[in-house]
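Chemist: Have a look; sequence and predicted model below, questions after that.
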Amino acid sequence: MTAHRRLLLSAMAAGWLCQATPAASEVLSGREFQNLLAGGPEGTTIVFAGGTDKVFYSPSLKNRLRLELGTEFIKQKILPNTLAEGVFIGAGIEGGKWRTISGIAGIAADSDSGHGVLTLLQTFPDDTSIKAFQKRDRLYAVVIVEDSPNGVVCRKSRWEKLFAFKDEPKMTTVPCEFVVGNTVTPAESK
């Protein structure tokens, strides 16, 4: 099975998980998710419970892979129901140390429910062609946003190796907030 097919199946599994949401919560649609993350002129940071896990998403910034392969790479090669693409920088504490992962991201609308799913796919500096992209295993994760009676919560998966992962993503529900701009790697720390 190709990397593209595995990512597609994982994203579909995440979409399936959206359908299992209790009636008390309302999962954001793909367009609502896109509009939420487009709040900042250069992007938005999702801050998960406690602030020790963050993901900055920007639809306007570009990394090398997006420049080489095109800004609709995910839509054309991986998830046809993608509404928006961009780049991300994720940071979280693992084993007592900060770990940073960056790459390309897409906001897709689940084909059955319309629920929005943010798919994060790690990239590397040598990812300059489809061939190079397919040769190397990488991490991926998905995020779904819900508007619940207790406020906004995010369902997110753990970071998993794309080639090695065979099951459905295990989703964890945590409170989250959205901050305009990049709080993962602020300009003064670059």
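Modeler: Everything's here; your move.
Chemist: in this structure, which spans are helices?
Modeler: Under the criterion DSSP state H, the chain contains helices at 3-19, 30-37, 64-69, 73-77, 130-135.
Chemist: Between those, which has the poorest mean confidence score?
Modeler: Lowest mean pLDDT within the helices of the chain: helix 3-19, a mean of 41.
Chemist: where does this structure dip in pLDDT?
Modeler: Counting by pLDDT under 70, the chain shows low-confidence ranges at 1-25, 39-40, 186-190.
Chemist: Please, where are all the strands along it?
Modeler: Using DSSP state E, the strands of the chain run over 26-27, 44-48, 53-58, 82-94, 97-109, 116-122, 139-148, 151-157, 160-161, 171-180.
Chemist: Looking at the ones you listed, which one is packed in the most?
Modeler: strand 116-122 (a mean of 26; mean count of other C-beta atoms under 10 Å). C-beta coordinates here come from the backbone N, C-alpha and C atoms, glycine included.
Chemist: what's the angle from that one to strand 139-148?
Modeler: Angle, strand 116-122 to strand 139-148, by axes from the mean of the first three to the mean of the last three C-alpha atoms, to 10 degrees: 160 degrees.
Chemist: Can you tell me the strand partners of strand 116-122 and which way each runs?
Modeler: Next to strand 116-122 in the sheet, as set by DSSP bridges, lie strand 97-109 (antiparallel), strand 139-148 (antiparallel).
Chemist: Could you point out which of these sits nearest residue 90?
Modeler: Closest approach to residue 90 among these is made by strand 97-109 (4.7 Å; C-beta to C-beta).
Chemist: now the closest one: how far from the chain's centre is it?
Modeler: Its chain's average C-alpha position is 5 Å from that of strand 97-109, according to C-alpha atoms, centre = their mean, to the nearest Å.
Chemist: again with stretch 85-94
Modeler: Relative to its chain's centre, stretch 85-94 lies at 8 Å (C-alpha atoms, centre = their mean).
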